[in-house]
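Undergrad: The sequence isn't on hand, but the structure is:
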């Protein structure tokens, strides 16, 4: 019976994070379309390649990839701890939605020959997508991403004797009183 510890050992010499059991190669699925999207205002013909992009699950990406340890990446995913996998999946959904929404907008703007609107749409999209790609990479590499409420709940769920305020960041405290 395989478990988290077993997979930590299996991924040790691979390009898969042993803490999260996730691989950064998955981000390539988003980087490619992101690069094309950024080129769109100066090269509207890129829309043809952008139209071919579609969301892929982590497993689908690796099934279609040339990643050396793709089977291991697919199998290890099931053992990725919830504290990483759930924020990862949420971030992936946000990236999928942002890209799909932006594709729909830019297609319409190109059809209307509205290059100013196209430029503005891509300028609005770019920083959002960069932030999401960075967040996703951080999660894959072991950064924990909790909501402010999770941070507050975790703080108060601990033993009262240990409550010293060090684990609660200032923004979580501000949220309590904001």
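TA: Looks like it came in fine. All values reported here derive from a predicted model rather than from experimental measurement. Numbers count the residues shown, from 1 in each chain.

Undergrad: got a list of what the residue nearest the centre of the chain touches?
TA: Nearest residue to the geometric centre of the chain (CA atoms, centre = their mean): residue 136, 3.1 Å. Residues in contact with residue 136, defined by CB atoms under 8 Å, 6 or more residues apart in numbering, are 26-27, 30, 88, 91-92, 95. (Each C-beta comes from the backbone N, C-alpha and C, glycine too.)

Undergrad: Quickly find the element holding it.
TA: Assigned by DSSP states H and E, residue 136 belongs to helix 115-140.

Undergrad: Can you point out the buried residues in that helix?
TA: Of the residues in helix 115-140, 118, 121-122, 125, 129, 132-133, 135-136, 139-140 count as buried by neighbour count, 16 or more other CB atoms under 10 Å.

Undergrad: Return the distance of that helix from the chain's centre.
TA: The chain centroid and the centroid of helix 115-140 are separated by 12 Å, computed with CA atoms, centre = their mean, to the nearest Å.

Undergrad: Backbone torsions only: list them for the closest residue to residue 8 other than its chain neighbours.
TA: The shortest distance from residue 8 to any non-neighbouring residue, by CB to CB, 6 or more residues apart in numbering, is to residue 18 (4.8 Å). Main-chain torsions, residue 18, degrees, to the nearest 10: phi -80, psi -20.
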